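Visitor: Sequence first, then the predicted structure, then my questions.
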Amino acid sequence: MKNLIAVFAILALFAAPVMASDPGTLYQLEGDATYDGPSGIDASGQGPSTNPDSTNWIWQTGGGSWSGVYAGSEGWLTVSESGDSRIKVEADIEMFYSETFSDNEIYFHIGNFTTATAANLTAYVKGNFTSNNGMYIGICFDGTTKIEDDMEKDGAGNYTGKILNGMQSDRSVLGSQDVSMDIEFLFSWGEGWRVPDNYGDGADHTITDTLWWLVDGGAPGSYNVQWRVRLLPSTYQPDGDYYLDPAVVAAPLL
């Protein structure tokens, strides 16, 4: 996962895909006696020098010769042969994920708190992703001060998308302070705004402390997505320079 980005202008999000790889990509396992397939082809070390796991390439080798005479009901009788001319085919199709996000650095300025509307407190992050595997998309709080108890649940125990005291302010115009404000994250892939499905670890436990949304029931494909990011101040929220530093992450449905 890419480094989490600290935010000093109210709020920013940084998209950082993280994939599980245990014990390696299919190409990294090529030729491994335990994990490689039974084809008998060993293409280890034959890929391009740059990005052999994530690019498309073909490697071919082998050869053989054979000659014989036909013996009627006995079929062909071998006269000479060398090598192996059988056609063997192996194809490693890697699990992949690609994404694009825009408007992912958000600055809110509230100059007159009493006239602030929901629109003034709400921003949208646009994006899309493609994967040949079902995907969880998440907001990761690893490395921050946020824990599961900060993730609000409703009366039925479902996560609401609200992070209690999610926005922190260390200073105001008068100097140092220690105050906070709630913030809400909802996610959509074109079927309405969704609350998180769960919280915890993902991708073979390589990603921790994350609110997760399972996209489209885990169906692979290409999706246009949006985050709805909404500040949830109290009635008389103190002035301050509030910030939050999570990361957007992706994990395969395993």
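Guide: Great, that's in hand. Numbers count the residues shown, from 1 in each chain.
Visitor: For residue 152, which residues are in contact?
Guide: 159-164 (Cβ atoms under 8 Å, 6 or more residues apart in numbering). Just so you know, the C-beta spots here come from the backbone N, C-alpha and C atoms, and that holds for glycine as well.
Visitor: any idea how far the spatially closest residue to it that is not a sequence neighbour lies from residue 120?
Guide: In space, and not counting its chain neighbours, residue 152 is closest to residue 162: 4.0 Å by Cβ to Cβ, 6 or more residues apart in numbering. For residue 162, the distance to residue 120 equals 18 Å [Cβ to Cβ, to the nearest Å].
Visitor: dump the residue contacts of residue 202.
Guide: Contacts of residue 202 by Cβ under 8 Å, 6+ apart are 136, 138, 210, 212, 249, 251.
Visitor: sorry, back to before: can you classify the residue nearest to residue 152 as helix, strand or coil?
Guide: strand (DSSP: H, G, I helix; E, B strand; the rest coil).
Visitor: So what pairs up with it in the strands?
Guide: Judged by DSSP bridges, the bridge partners of residue 162 are residue 184.
Visitor: do the same with residue 122
Guide: residue 230.
Visitor: And residue 252, by the same measure?
Guide: Going by DSSP bridges, residue 252 forms beta bridges with residue 135.
Visitor: Could you check how many residues crowd around it?
Guide: 22 (other Cβ atoms under 10 Å).
Visitor: I'd like the distance between it and residue 178.
Guide: Taken as Cβ to Cβ, the span from residue 252 to residue 178 is 39 Å.
Visitor: Equivalent analysis for residue 82, please.
Guide: The value you get for residue 82 to residue 178, if Cβ to Cβ is used, is 80 Å.
Visitor: Same question for residue 132.
Guide: Between residue 132 and residue 178 the distance is 46 Å, computed by Cβ to Cβ.
Visitor: the more surrounded of these two?
Guide: residue 132 (13 against 9).
Visitor: which residues sit in contact with the nearest residue to the more buried one once chain neighbours are set aside?
Guide: Distances taken as Cβ to Cβ, 6+ apart place residue 220 nearest to residue 132, at 5.0 Å, with adjacent residues excluded. Contacts here follow Cβ under 8 Å, 6+ apart; on that basis residue 220 touches 131-135.
Visitor: Turn those residues into CSV, columns for distance to residue 43 and pLDDT.
Guide: Output for the contacts of residue 220, formatted as CSV (distance: Cβ to Cβ, whole Å; pLDDT from 0 to 100):
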residue, distance to residue 43, pLDDT
131, 24, 98
132, 20, 98
133, 22, 97
134, 28, 97
135, 28, 96
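Visitor: just those residues now: which is nearest residue 230?
Guide: Nearest to residue 230, judged by Cβ to Cβ, of those is residue 135 at 23.7 Å.
Visitor: my read: the closest one touches residue 251, true?
Guide: Yes. Between residue 135 and residue 251 there is a contact at 7.2 Å, judged by Cβ atoms under 8 Å.
Visitor: For the two, indicate the residue with more neighbours.
Guide: residue 135 (28 against 25).
Visitor: and the more buried one, what does it touch?
Guide: So residue 135 contacts 97, 129, 214-215, 218, 220, 250-253 (Cβ under 8 Å, 6+ apart).
Visitor: Quick one: end-to-end distance for stretch 34-45.
Guide: Start and end residues of stretch 34-45 are separated by 18 Å (Cα to Cα, to the nearest Å).
Visitor: ok, and for that stretch, which residues are buried?
Guide: 36, 41, 43 (16 or more other Cβ atoms under 10 Å).
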